[in-house]
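> Give the three-dimensional model of this entry:
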Amino acid sequence: MMNYFKHILIILSVTLFHQTTFAQNAEGQLRGSRGYIPNPSARPSAYAERTNNAVSLVEQQMPVYIENLKLDAFKAEIVKSNLFEYHNKKENLRVDYGVGFSEKQDAYIKLEEELHINLQSILTPKELVEFKKVQFMSPKEEKKARRKKKKRKKKNKKTDKNEKGTH
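Numbers count the residues shown, from 1 in each chain. Here you go, the predicted structure:
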């Protein structure tokens, strides 16, 4: 019986000693030493919480569309409803966890095509081309386009003045 307790005591002490040595250096590299790689921290999920900002996004975009496409009130309302529907579907797709990346990319392309098909019924082909340009223009690109337009106007004014002065 005494022999049995001795074995249990030895096994218990070895396991406790073994645990304390691993508890102090669990990964093999200490924090300040060369080759230390920290544990990966939890990053925010790529599938963020659904934000219901489709209304605000469409409200923000509509003045740009109305200005560039010169839409009347009726066409503007139809474009607005189509954009709202498009952004809602896009947001639903973005939040869907069961769909892989490539499937989402394909679905985004189909949504774009569906939006353009819906808008073909009310917009002229010229307006539709302009809509596509405006739709994919970021604020930076929009500023660049405005600057280019201003430069072109200035250049045209200078050339017009030069032509008038020489004749």
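
> how close does residue 133 get to residue 91?
Residue 133 is 23 Å from residue 91, where distance means CB to CB, to the nearest Å. Bear in mind the C-beta positions are built from the backbone N, C-alpha and C, glycine included.

> Looking at these two, which one has more neighbours?
A count of neighbours by other CB atoms under 10 Å puts residue 91 above the other of residue 133 and residue 91, at 16 against 12.

> how far out from the middle of the chain is the helix or strand containing the more buried one?
If you go by DSSP states H and E, residue 91 is part of helix 73-95. Chain-centre distance of helix 73-95: 17 Å, with CA atoms, centre = their mean, to the nearest Å.

> Against which helices or strands is that helix packed?
Other helices and strands packing on helix 73-95, by 3 or more CB pairs under 8 Å, 6 or more residues apart in numbering; DSSP states H and E, are helix 54-69, helix 101-120.

> how about a cut-off of 10 Å?
helix 54-69, helix 101-120, helix 125-135 (3 or more CB pairs under 10 Å, 6 or more residues apart in numbering; DSSP states H and E).

> From the rest of the structure, what touches the shortest one?
So that's helix 125-135. With contacts defined as CB atoms under 10 Å, 6 or more residues apart in numbering, helix 125-135 is touched by 61, 64-65, 67-71, 75, 79, 83, 86, 112, 115-116, 119-120, 122-124, 141-142, 145.

> swap the cut-off to 6 Å and go again
Outside helix 125-135, the residues within contact range by CB atoms under 6 Å, 6 or more residues apart in numbering are 68, 69.

> Give me the buried positions along stretch 116-125.
116, 118, 119, 123 (16 or more other CB atoms under 10 Å).

> so the last one, which of the three states?
Using DSSP: H, G, I helix; E, B strand; the rest coil, the secondary structure recorded for residue 123 is coil.

> With residue 35 as the reference, measure out to it.
Relative to residue 35, residue 123 is positioned 61 Å away (criterion: CB to CB).

> rewinding a little: report the angle between the axes of the helix holding residue 91 and helix 125-135?
40 degrees (axes from the mean of the first three to the mean of the last three CA atoms, to 10 degrees).
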